[in-house]
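> Prediction below, plus the sequence it came from.
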Amino acid sequence: MLNPMDPDVAAKRIFAAIRAIPKGEVAGYGEVARRAGLPGRARLVARLLSQNDDPKLPWHRVLRSDGRIALPEGSKGYREQCQRLRAEGLRVEGGRVIGVRAAATLDSQIWGPPD
DNA sequence: TTGTTGACCCGTC
DNA sequence: CGACGGGCCAACA
């Protein structure tokens, strides 16, 4: 009964989850969905971002679960995302963010990254 | 109504 | 690393 949530509410929670990502950190689409109370709805997050128009939304902190930038390499959005991430002190190499890994699983959020 | 298409994810091999 | 299959789901043709 948690899952089939009203689209508006879902969108609201997803945007809130994205806004909650601290500056200089990143999160995966699936992770954002989980934090929004919508496990398994990564694609919904992606779709909302593609439609997003809010300039205050830190959309650039949202990456794929493997730490890569989701946008097609070379696209305008791709370049802007790289730029914004670097502006926050992150290292981006080959379309991938180095040094900060997006917690892909709940385990890694609880137990921390494997040493 | 069925078929495709995405800024996706994950387990398995 | 990569490929494959399955899940997820709103929008559109």
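Structure received. Residues are numbered from 1 along each chain as shown, chains lettered A, B, ... in the order given.

> isn't A:Leu63 right up against A:Ile69?
Yes - using Cβ atoms under 8 Å, A:Leu63 is in contact with A:Ile69, at 6.1 Å. To be clear about C-beta, it is placed using only N, CA and C from the backbone, and glycine gets the same treatment.

> tell me, what's touching these two both at once?
A:Val97 (Cβ atoms under 8 Å, 6 or more residues apart in numbering).

> residue ranges for the strands of chain A, please.
Using DSSP state E, the strands found in chain A span residues A:27-28, A:62-63, A:91-93, A:96-98.

> Which one, of those, ends up nearest to DNA strand B?
Each of the strands of chain A was scored for nearness to DNA strand B using Cβ to the nearest atom of the strand, and the closest is strand A:27-28 (3.6 Å).

> need the strands of chain A in CSV with mean pLDDT and distance to DNA strand B, can you?
Compiled in CSV, the strands of chain A are given as follows (pLDDT from 0 to 100; distance: least, Cβ to the nearest atom of the strand, whole Å):
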stretch, mean pLDDT, distance to DNA strand B
strand A:27-28, 93, 4
strand A:62-63, 95, 6
strand A:91-93, 92, 14
strand A:96-98, 90, 12
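
> how about these, which one is nearest A:Tyr78?
Distances from A:Tyr78 to each of the strands of chain A were compared by Cβ to Cβ, and the smallest falls on strand A:91-93, at 10.3 Å.

> which of the residues in that closest one are buried?
Judged by neighbour count using 16 or more other Cβ atoms under 10 Å, the buried positions of strand A:91-93 are A:Val92.

> do the same with stretch A:13-20
A:Arg13, A:Ile14, A:Phe15, A:Ala17, A:Ile18.

> Contacts only, for the residue positioned nearest the centre of chain A.
For chain A, the residue lying nearest the average C-alpha position, counting by Cα atoms, centre = their mean, turns out to be A:Val62 (2.1 Å). Residues touching A:Val62, when contacts are defined by Cβ under 8 Å, 6+ apart, comprise A:Ile18, A:Ile21, A:Val26, A:Ala27, A:Gly28, A:Tyr29, A:Val32, A:Val45, A:Leu49, A:Ala70.

> out of the residues you listed, who's nearest A:Leu90?
Distance to A:Leu90, by Cβ to Cβ, is smallest for A:Val26 among the contacts of A:Val62, at 7.2 Å.
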